[in-house]
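A.B. asks: Sequence plus predicted model, see below.
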Amino acid sequence: MKYNEKTREVFTDNGQLIKKMNCPQNIDWEKMEKGKNDLERNCSICKKSVIDTEFLSDAEVLYIMNQDNDKCLRIKSSIIK
């Protein structure tokens with residue numbers, strides 16, 4: 001997975017757009033309410049689910065986003081360019 005910090009877009013390794021990020025909140029992951037599983041938290045401000053992508057493949061993230069494109073993504077800092 002790749003993240004373009006300038007455009008705030010998340011891509012698969014082969015260049016397919018996953019999502020354009022637009023969250024102005026920037027809430028700390030540890031301060032969010034736990035969600036349905038270990039990969040999910042809930043934002044107390046916007047009430048959206050946030051998915052941790054650190055241990056997910058591109059295909060898994062695409063699948064999740066295809067099910068509900070309104071979810072937000074937590075992006076591992078090492079992929080931010």
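C.D. replies: Thanks, I have it. Since this is a predicted model, take the numbers as computed values, not measurements.
A.B. asks: how near is Asp68 to Val50?
C.D. replies: 12 Å (CB to CB, to the nearest Å). To be clear about C-beta, it is placed using only N, CA and C from the backbone, and glycine gets the same treatment.
A.B. asks: Tell me which of the two has more neighbours.
C.D. replies: Set side by side, Asp68 and Val50 show unequal neighbour counts under other CB atoms under 10 Å, the larger going to Val50 at 22 against 10.
A.B. asks: Backbone dihedrals for the more buried one, please?
C.D. replies: phi -120, psi 130 (degrees, to the nearest 10).
A.B. asks: That one against Leu73, yeah?
C.D. replies: Yes - when contacts are counted by CB atoms under 8 Å, Val50 is listed as touching Leu73 (7.1 Å).
A.B. asks: Number of residues surrounding Ser44?
C.D. replies: Applying other CB under 10 Å, I find that Ser44 has 11 neighbouring residues.
A.B. asks: Now do the same contact list for it.
C.D. replies: Contacts for Ser44 (CB atoms under 8 Å, 6 or more residues apart in numbering) come out as Ile27, Met32, Glu33.
A.B. asks: Just the pLDDT at the closest residue in space to the first one that isn't next to it in sequence, thanks.
C.D. replies: When the adjacent residues along the chain are set aside, Ile27 lies closest to Cys43, with 6.0 Å between them (CB to CB, 6 or more residues apart in numbering). The per-residue pLDDT reported for Cys43 equals 90.
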